[in-house]
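# Here you go, sequence then predicted model.
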Amino acid sequence: RKEVEQDPGPFNVPEGATVAFNCTYSNSASQSFFWYRQDCRKEPKLLMSVYSSGNEDGRFTAQLNRASQYISLLIRDSKLSDSATYLCVVQNAGNNRKLIWGLGTSLAVNP
Amino acid sequence: GAVVSQHPSRVICKSGTSVKIECRSLDFQATTMFWYRQFPKKSLMLMATSNEGSKATYEQGVEKDKFLINHASLTLSTLTVTSAHPEDSSFYICSARDFRVGGTSGRFADTQYFGPGTRLTVL
């Protein structure tokens, strides 16, 4: 089983749609959780951290369920500029706190 | 946010040559930097963890003699791909760890910032 699993998509949605991405992780001792966004041929950029209580940043809402080892990202009112790959990332304990990356979910928002 | 630079951004070289990639943290000191590789339509794969003043820690399956890492200062780590071959062609990305403890509260921030990546093509 992969450490971080995501549905690769692609998700094709019209502008204005609401889209949800899911992610599961295998290490119950994982400490921190993130969603990154990666545009084609660019480096990943931090979209948002994910907290146990859930958190929202504008049109983006992230949820964490530690019991189910499940993370989600909800995008409301999709924009064309949201088209990208969304990477679920888990950070484990330890001195160097390595990031464990999912394969990413591809989103295409269409006019 | 903090800035991490990588140089060069793109390199094309002949098979058998060595290529050095630099990763710099521009406005913070990074005792730990990470080197990743990403093939087309694949996820980032951690190659090694670079620790200032000590040997790098390589992930399983990554040849340390082929991918030489040097972290000689708190703001610079280098990755040298030795005797590059076409199968080494990839997108190499570094990240630098910014770890700070705040005053008397003891609260800390631990964030990784990514460089813009280096696209290596070996002919």
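Everything's here; your move. These numbers were taken from a predicted model, which means no experiment stands behind them. Residues are numbered from 1 along each chain as shown, chains lettered A, B, ... in the order given.

# strand partners of the lowest-mean-pLDDT helix or strand in chain A, parallel vs antiparallel please.
Each helix and strand of chain A was given a mean pLDDT (mean pLDDT, DSSP states H and E); the minimum falls on strand A:99-101 at a mean of 87. The strands that strand A:99-101 pairs with in its sheet are strand A:84-91 (antiparallel) (by DSSP bridges).

# pLDDT below threshold where in chain B?
In the predicted model, chain B carries pLDDT under 70 at residues B:1-2, B:101-109.

# show me the residues around residue 89 that make contact.
Went with chain A since none was named. Residue A:89 is in contact with A:4, A:33, A:34, A:35, A:36, A:99, A:100, A:101, A:102, counting by C-beta atoms under 8 Å, 6 or more residues apart in numbering or on different chains. For glycine as for every other residue, the C-beta is placed from the backbone atoms N, C-alpha and C.

# other chain: chain B
The contact partners of residue B:89, by C-beta under 8 Å, 6+ apart, come to B:120, B:121, B:122.

# So the second one sits against residue B:15, correct?
No - using C-beta atoms under 8 Å as the test, residue B:121 is too far from residue B:15 to be in contact (10.8 Å).

# Could you check how many residues crowd around residue 58?
This is for chain A. 9 (other C-beta atoms under 10 Å in any protein chain shown).

# Actually, chain B is the one I wanted.
Residue B:58 is flanked by 18 other residues according to other C-beta under 10 Å.

# can you pull up the bridge partners for it?
Applying DSSP bridges to residue B:58 yields these beta-bridge partners: residue B:48.

# So it is in contact with residue B:48, correct?
Yes - shown here, residue B:58 and residue B:48 form a contact pair, counting by C-beta under 8 Å, at 4.5 Å.

# hey, what's in contact with both of the two?
Among the neighbours of residue B:58, those also in contact with residue B:48 (C-beta under 8 Å, 6+ apart) are B:64, B:67.

# how far does stretch A:50-68 stretch from start to finish?
With C-alpha to C-alpha, to the nearest Å as the measure, stretch A:50-68 spans 15 Å from end to end.

# what separates that stretch from the chain centre, distance-wise?
From the chain centre to the centre of stretch A:50-68 is a distance of 10 Å (C-alpha atoms, centre = their mean, to the nearest Å).

# Please point out which parts of that stretch sit buried.
Taking 16 or more other C-beta atoms under 10 Å in any protein chain shown as the neighbour-count basis, stretch A:50-68 is seen to contain the buried residues A:50, A:60, A:61, A:62, A:63, A:64.

# now swap in stretch A:8-24 and tell me
The neighbour-count criterion (16+ other C-beta under 10 Å) identifies A:9, A:11, A:13, A:19, A:21, A:23, A:24 as the buried residues of stretch A:8-24.

# Quick check: the gap between the fifth one and chain B.
Which is residue A:21. 14 Å (C-beta to the nearest C-beta, to the nearest Å).

# so who does residue 52 touch?
Answering for chain A, as no chain was given. Residues touching residue A:52, when contacts are defined by C-beta under 8 Å, 6+ apart, comprise A:64, A:66.

# Can you look at chain B instead?
Contact analysis of residue B:52 by C-beta under 8 Å, 6+ apart lists B:30, B:31, B:32, B:71, B:72, B:73, B:74, B:77.
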